[in-house]
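Participant: Compute the structure for the input listed below.
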Amino acid sequence: MFRRARWLVLLALAVVTAFTAGTFYIQRQAQRQNRPPRAAPLPANIAATADYWTWELKQADQPKVSVKARSFRQVKEPSAFLLEGVEMRVYAADGGSYSRINSANASFDTATGELYAEAEVDIHTSISDGGAPPSPPMHIRSSGVHFDARTTRVWTDRPASFELEKGDGTATGAAYDPQARELTLQSDVVLNWRGSGPAARQMVIETGHLVYHELTHDIFLTPNARLTRGAFSLEGGPSVVTLKDGELDRLDTQQASGADRVPRRSIAYSAGHLYIHFAGGGAIEKIEGLDGARLVSQTPAGATVVTSNRVDLDFVSKDGESQLTRALSTGRARVESTPAKRPNGSLPPVRILTSEVIETLMRDGGEQISKVSTHSPAEVEFVPRREGEKRRKLNGDRLTIYYSGDNVVEKIESVNVTTRTETPKKDKKVSIATTRSTSFLALFDPANGQMTRIQQWPDFEYEEAGARARAAMATMEPAKDTITLDGAARMWDPSGSTSADLIVLRQDTGDLAATGHVASTRLPEASAKSPSGMLDSRQPIQARAQSMNVTRKNKFIRYDGDVLMWQGGSRLRAAAVEIDREAGRLSATGGVSTLIPDDRSGAPKPKPGATAIRSASMVYDDQTKLAHYSGSVELERPNMELKSQHLRAWFRADNDPKGPGGSSLDRMFADGGVTVVERGPKAAKTGSSEHGEYYPGEERMVLSGGHPLVTDRNRGATRGNVITWLVSQDRLIVDNTESGPAVSRIRTNERK
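Facilitator: Modelled structure (predicted):
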């Protein structure tokens, strides 16, 4: 029984074992069918992969760099992470803002801390992180971008574009340092700066290399730069652009040259060092040029070239354009203006102004000059452009040039002035005239640009070829070639001098007109052959009158108005006197009075005695040595008086063994109602006739014609055909040839 029970136990165990094994097999198969599929094996160089990868770098418990990626793959060799959907934040050192870098994919080298994005990268700077960003935001796009986690510097060698708050641009190669807030553009840089103005007024900056400092708002351009804004352009060497409140504030450039061209006006400028200050909207507010500054302005009226050590140009913004209002040139300043040819064909002279400080003010619109002033001693030169025209130069302590329309000079004012005028002569020689005065005014004709009038006052002085002049005021009229001296006027040269209240001189002919308190001295001519005659060629002729006119190259002189003329001891007074040096003639009219001394030799002890003659008119001919008096002639000598209607007086030369002698009266013929009266303490005789001849050397009077008669109140009367009266001998000689016997009525027998 027991043995059968043992087999039953064994069978039961077998059944249980088989059931258990079947159940396990069935369950295992079910588990195998329901388990997830096995993951593919990792590539050979990939250590791991994951989603939502992050990495952070801190500095002093403050975040410095954080990197997030949608997914990553870890590379074994070299150690790196391949990221997708990358966003990097680089935090500012002072906090408050960060820069964000986005890329579709990138690689991150954990050994070097460098991130590289082959695809396009967007960089946004100055994003607020709870504080105020220190500078305006900037957006940069490029590819092939590198990032160094240790320095937080981002760079690329590929083309990049960027957007600023008020501008945009492109470049090849770029680098950005978030910690230093510095953007570097490597080459082919083009920056379009819109500012707050319209796009049409934007400034285009082109350079080979650009560095932008966000914190200092400075843009460094090397090795050269080009700026363009509408009609304005500038090219220079190394340059610095400074921003203020997101606007262009200043440009500093070296070896600069540029231009500003608008209709009817163009300005070109250059300098070794140039500063440009900008107003709102990118308009130019001021330009400072240093080290050989040069400005060239061209308008329909002509060209103006300004050079100096420094030039400052001030502008105003109007209708979106920068209009020049003022130019200040300092340090060896020079302004050369070349007026355009006038419609009438005239060519105004070139004007060259030099001074240490020259200020130019422009009219509204910036196209035309209003005024040019110097603030230091100046020189302006007028250079003719046609042969035969005068060349003028003016020097003064301060000088102002006023302009009318079209940059035509209207007038020039100056103080403490010296002028120099060069006048070409027909013989190719040049006559040089200089003037000096305290004040100066020159007026110009707007039609031809020629000088029409010059006024100088007070203390005017003039000099030309030995001729000199002075006056309180002088007025010169170049068109008439005249100089008018007004107030205490005086002129003198080697031939004599003239003073008057007013003197007018014709420079081309030498003609002179003087009025008011005229006083003149005319020296004898060296060409005179003989000193004999009424006009003694050895002595000067001096005169006083109310007016005087000198013409025919100083050969003809006329005095008017209470004329008093003298030469040595000789005197002539008349209402009018004319001297014709070429004809050798002197004439006087109106109350003529002459005084002729007996001795005109100029000896230290002259012989006493003189002849005074009064008449209505007188004409003296030096060729015949004859003076002809007409109209109520009255002659006086120490011992006699003579009256007649006409008197002719001849002069003779006096011999002097020591040299040229003087001259004296030789004889005098009187005609028409001749009356002779003896003078002196014992005078008693009176004579009359139609003709009388007097010989001063012999003191002999010959009466003839019209029944000559001599009456002696003591002795009676004597008649005859010809009566010779020996005045000094108190004797009469009667000649009655062919006229019958002489008749005498003797009151006494006494004869003296």
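Participant: going forward, measure contacts between C-alpha atoms and count neighbours the same way
Facilitator: OK.
Participant: And the helix or strand hosting T718, what does it pack against?
Facilitator: Using DSSP states H and E, T718 sits within strand 716-719. Packing partners of strand 716-719 (3 or more Cα pairs under 8 Å, 6 or more residues apart in numbering; DSSP states H and E): strand 709-712, strand 743-744.
Participant: From the contact counts, what lies against the strand or helix carrying L642?
Facilitator: Assigned by DSSP H and E, L642 belongs to strand 640-653. In terms of contacts (3+ Cα pairs under 8 Å, 6+ apart), strand 640-653 is packed against strand 626-637, strand 663-678.
Participant: Can you list the strands that the helix or strand hosting T423 pairs with?
Facilitator: Using DSSP H and E, T423 maps to strand 409-424. Strand 409-424 sits in its sheet next to strand 391-396 (antiparallel), strand 398-403 (antiparallel), strand 430-444 (antiparallel), going by DSSP bridges.
Participant: between these, which gets nearest to D560?
Facilitator: Smallest distance to D560 across the strands paired with strand 409-424 (Cα to Cα): 29.6 Å, for strand 430-444.
Participant: So what touches that closest one?
Facilitator: By Cα atoms under 8 Å, 6 or more residues apart in numbering, the residues outside strand 430-444 that reach it are 409-425, 450-465.
Participant: quick one: contacts for the residue most central in space within the chain?
Facilitator: Geometric centre of the chain, nearest residue: L353, 3.5 Å, by Cα atoms, centre = their mean. L353 sits next to 334-336, 378-381 when contact means Cα under 8 Å, 6+ apart.
Participant: Now it: closest residue in space that isn't a chain neighbour?
Facilitator: Distances taken as Cα to Cα, 6 or more residues apart in numbering put V380 closest to L353, at 4.2 Å, once the chain neighbours are dropped.
Participant: I'd guessed the one you found sits against V350; true?
Facilitator: No: applying Cα atoms under 8 Å as the test, V380 and V350 come out as separate, 10.1 Å apart.
Participant: got any ranges where the stretch 201-350 of the chain has weak pLDDT?
Facilitator: Scanning the stretch 201-350 of the chain for pLDDT under 70 picks out 201, 281-282, 320.
Participant: And the strand ranked longest in the chain, what does it pack against?
Facilitator: As assigned by DSSP state E, the longest strand anywhere in the chain is strand 321-339. Packing partners of strand 321-339 (3+ Cα pairs under 8 Å, 6+ apart): strand 302-318, strand 350-362.
Participant: what's the offset of the strand holding L642 from the middle of its chain?
Facilitator: Strand 640-653 sits 67 Å away from the centroid of its parent chain (Cα atoms, centre = their mean, to the nearest Å).
Participant: C-alpha coordinates for it, CSV please?
Facilitator: Taking Å, rounded to 0.1, in the frame of the first residue of the first chain, the C-alpha atoms of strand 640-653 are listed here in CSV:
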residue,chain,number,x,y,z
MET,A,640,56.5,210.2,-59.6
GLU,A,641,53.0,209.1,-60.5
LEU,A,642,51.7,208.2,-64.0
LYS,A,643,48.2,207.6,-65.3
SER,A,644,47.1,206.3,-68.7
GLN,A,645,44.8,203.9,-70.4
HIS,A,646,47.6,201.6,-71.5
LEU,A,647,51.1,200.9,-70.3
ARG,A,648,53.7,198.6,-71.8
ALA,A,649,56.7,197.7,-69.7
TRP,A,650,59.8,195.9,-71.0
PHE,A,651,62.3,194.1,-68.8
ARG,A,652,66.0,193.5,-69.4
ALA,A,653,68.6,191.2,-67.9
